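Asks: Could you work out the structure for the sequence below:
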Amino acid sequence: MQKKQYFQGSAVQRNYNMEIENNRALIAILRGIEPHEAKDIAEVLIDCGINRIEVPLNSPDPFNSIERMITSFGNEAQIGAGTVLTTKDVNLLAKIGGSMVVSPNCNIEVIRATKKAGMSSYPGVLTPTECFAALESGADGLKLFPAFVLGTSGLSALKSVLPDTTETYAVGGVDANDFSLWFDAGITGFGVGSSLYKPGHTVDEVRSNAVSVVAAYDLGKQTL
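Replies: A predicted model of the protein is given here:
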């Protein structure tokens with residue numbers, strides 16, 4: 001793959017950096033977060049340049065956490081739920097103003113309900129059959145899960161048959177050190193969990209992690 005040339009400090013470089021910052025395909029997965037910390041953690045992530053945030057529904061009181069984030073940052077970030085398994089949960093999320101539904105599986109009814117409610121849909125897939133079923137049902141992007149099982153060679157094989165415009169996100173067993181390899185294989189972005197946030201992490205720890213993740217993402221994009 002031919003690499004683009006950029007010049008440090010030039011207008012071209014600055015414009016390219018701005019484009020990356022405004023379009024980072026990074027989804028923060030805040031599994032285990034509690035409502036009392038939701039606002040502060042979300043604020044740090046957004047300040048560091050991560051503006052897609054999901055709270056998995058197997059977290060403590062997840063809809064409370066999501067609603068607090070939406071109240072404070074709904075105009076600045078795409079905020080929603082992960083581990084969404086039922087249309088009931090889709091409807092509950094829509095009622096509090098959520099904008100994104102992420103699932104570990106490819107449930108056609110959940111995808112359709114998500115799109116009917118006007119939210120973005122990112123179902124979990126691993127096989128070509130699941131990928132095409134998700135896309136035909138209206139999915140906005142594909143969550144490749146668990147990504148470490150598929151690997152970059154598996155992604156390359158999938159990309160050879162998927163529509164060129166398909167957005168793909170590597171989730172599960174992928175951290176910032178792997179971003180460049182996945183970008184080279186054609187990935188769109190990443191869902192990042194424990195390397196960003198774990199229960200008990202302080203705001204400062206999350207900030208440090210987010211800075212590292214964003215730096216790795218930007219570096220990987222610039223070397224394409």
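Asks: For stretch 42-50, list every residue counted as buried.
Replies: Neighbour counts over stretch 42-50 (16 or more other Cβ atoms under 10 Å) mark 42, 43, 44, 45, 46, 48, 49, 50 as buried. All C-beta spots, glycine's among them, are computed from the backbone N, C-alpha and C.
Asks: got the contact list for that stretch?
Replies: The contact list for stretch 42-50, computed with Cβ atoms under 8 Å, 6 or more residues apart in numbering, reads 21, 24, 26, 28, 51, 53, 69, 72-73, 76-77, 79, 196, 203, 206-207, 210-211, 213-214.
Asks: what about it, distance to the chain center?
Replies: When distances are taken as Cα atoms, centre = their mean, to the nearest Å, stretch 42-50 is centred 13 Å away from the chain's centroid.
Asks: Same question for stretch 138-154.
Replies: 12 Å.
Asks: Put together TSV for the buried residues of stretch 42-50, with pLDDT and distance to residue 111 on each row.
Replies: As requested, those are exported to TSV (pLDDT from 0 to 100; distance: Cβ to Cβ, whole Å):
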residue	pLDDT	distance to residue 111
42	98	25
43	98	30
44	98	31
45	98	26
46	97	27
48	97	30
49	97	28
50	98	24
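Asks: between those, which is nearest residue 219?
Replies: When these are ranked by distance to residue 219 (Cβ to Cβ), residue 49 comes first, at 13.1 Å.
Asks: What are the phi and psi values at the closest one?
Replies: For residue 49, the backbone dihedrals (degrees, to the nearest 10) come out as phi 110, psi 10.
Asks: separation between it and residue 106?
Replies: In this view, residue 49 and residue 106 are 30 Å apart by Cβ to Cβ, to the nearest Å.
Asks: cool, residue 223 as well?
Replies: Between residue 223 and residue 106 the computed distance is 32 Å (Cβ to Cβ).
Asks: All set now, cheers.
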